[in-house]
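J.: Show me the folded form of this:
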Amino acid sequence: MISPATSDELPERASVATSMAREMAEAHRQAVEFHRDQLKMSPDEALARVGTAADQRRIMDNAPDQVSWLDLDQLARQDPKLWERRWNEISDAAREEWESGSRGARATEATNDGPWQRAQFLAIRDDVADGWKPQNGIEWTLIESIAQAYTSQLFWQERLMCYANLPCDTGNQAIKQKGSWEPPRVYESQAVDQAAAMVDRFNRIFLRTLRALRDLRKHSPTLIVQNAGQVNVADKQVNVVQDNSG
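T.: Next up, the predicted model:
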């Protein structure tokens, strides 16, 4: 199991370990309860079954997002070193997913999640990032939100054009077939209004997030240098001359 944090560990690490231990313990309790109540095992039998049910090879080979809290609990009970290795692999994969933009992209893809849609999102994200040169995690989060908002705006803009042209296409077809034009149905006009409202909504989110990024840059702490001949600022070396005339 997860050992208590030592005095020299960071508070953040201890907090994460405590939270994980809680999740794993709850998963273990639910599994024991399932074997006891649903499979009609005695408490001792349920504890023994859950404690020995782990398939270490499956847990180690599964994709990171397919590993459950119960998997980690069982792994920790059988081999703490394997548990630590697997958790580090999951953490590294999560960080890579975030830094690559894959997580932000997936939130906008829904069922339309092919390589082309991923490349489209990343093109927007990377272009915005290239212009703003994000300097920390907060700025990267805002860049990601801007790309998501604009991707969603384009999605609804396409729907708006499709819905807006649908009555025209239907009317032209009716003229050819019946010799007369038919007015658009209520649900068609509602679909147009909804799509237009969604375009406006995501445009507002885009602009609001852009303002937040701008304001964050505007109110960034001022750099104060004392008794330094040369410092690095934004990957550039800056010579600082001290005025001793006073």
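
J.: what ranges do the helices span in this structure?
T.: Secondary structure of the chain (DSSP state H): helices at 11-37, 43-52, 56-61, 69-78, 80-100, 102-109, 115-132, 137-178, 186-218.

J.: Let me know which of these is tucked in deepest.
T.: helix 69-78 (a mean of 21; mean count of other Cβ atoms under 10 Å). All C-beta spots, glycine's among them, are computed from the backbone N, C-alpha and C.

J.: and that one, what does it pack onto?
T.: helix 11-37, helix 43-52, helix 56-61, helix 80-100 (3 or more Cβ pairs under 8 Å, 6 or more residues apart in numbering; DSSP states H and E).

J.: wait, what's in contact with residue 198?
T.: Neighbouring residues of residue 198 by Cβ atoms under 8 Å, 6 or more residues apart in numbering: 152, 156, 159.

J.: Could you find the closest non-adjacent residue to the residue nearest in space to the middle of the chain?
T.: In the chain, the residue lying closest to the centroid (Cα atoms, centre = their mean) is residue 103, at 4.2 Å. The shortest distance from residue 103 to any non-neighbouring residue, by Cβ to Cβ, 6 or more residues apart in numbering, is to residue 97 (4.8 Å).

J.: same thing with residue 192?
T.: residue 163 (4.6 Å).

J.: Let me see the contact set for the one you found.
T.: So residue 163 contacts 188, 191-192, 195 (Cβ under 8 Å, 6+ apart).

J.: Make a markdown table from those residues and add distance to residue 52 to it.
T.: Formatted as a markdown table, the contacts of residue 163 follow (distance: Cβ to Cβ, whole Å):
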| residue | distance to residue 52 |
| --- | --- |
| 188 | 61 |
| 191 | 56 |
| 192 | 61 |
| 195 | 55 |
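
J.: List the contacts of stretch 14-34.
T.: Stretch 14-34 is contacted from outside by 1-2, 5, 43, 46-47, 50, 68-70, 72-74, 76, 87, using Cβ under 8 Å, 6+ apart.

J.: Revised request: answer the last question for stretch 115-131.
T.: Here stretch 115-131 has contacts from 101-102, 104-105, 108-109, 140, 143-144, 146-148, 150-151, using Cβ under 8 Å, 6+ apart.

J.: Tell me where this protein is predicted with low confidence.
T.: 1-13, 53, 111, 167-186, 221-246 (pLDDT under 70).

J.: how about a cut-off of 90?
T.: Applying pLDDT under 90 to the chain flags the ranges 1-18, 38-39, 43-56, 77-78, 109-114, 159, 161-192, 218-246.

J.: And the protein, split by domain according to the record?
T.: Domain assignment for the chain by automatic domain parsing gives 11-99, 102-217.

J.: didn't residue 145 look like it was pressed against residue 208?
T.: No. Between residue 145 and residue 208 there is no contact under Cβ atoms under 8 Å: 9.3 Å.

J.: hmm, back to that, between the contacts of stretch 14-34, which is nearest residue 36?
T.: residue 46 (4.3 Å; Cβ to Cβ).

J.: from memory that closest one sits against residue 35, does it?
T.: Yes. Residue 46 is within contact range of residue 35, at 3.9 Å (criterion: Cβ under 8 Å).

J.: And the helices and strands packed on helix 69-78: which comes nearest residue 215?
T.: Nearest of the helices and strands packed on helix 69-78 (Cβ to Cβ): helix 80-100, 23.6 Å.

J.: What are the contacting residues of the closest one?
T.: Under Cβ under 8 Å, 6+ apart, the answer for helix 80-100 is 1, 3, 20, 56, 59-60, 64, 67, 72, 75-76, 103-104.

J.: quick check, distance from it to the centre of its chain.
T.: Helix 80-100 has its C-alpha centroid displaced from the chain centroid by 16 Å (Cα atoms, centre = their mean, to the nearest Å).
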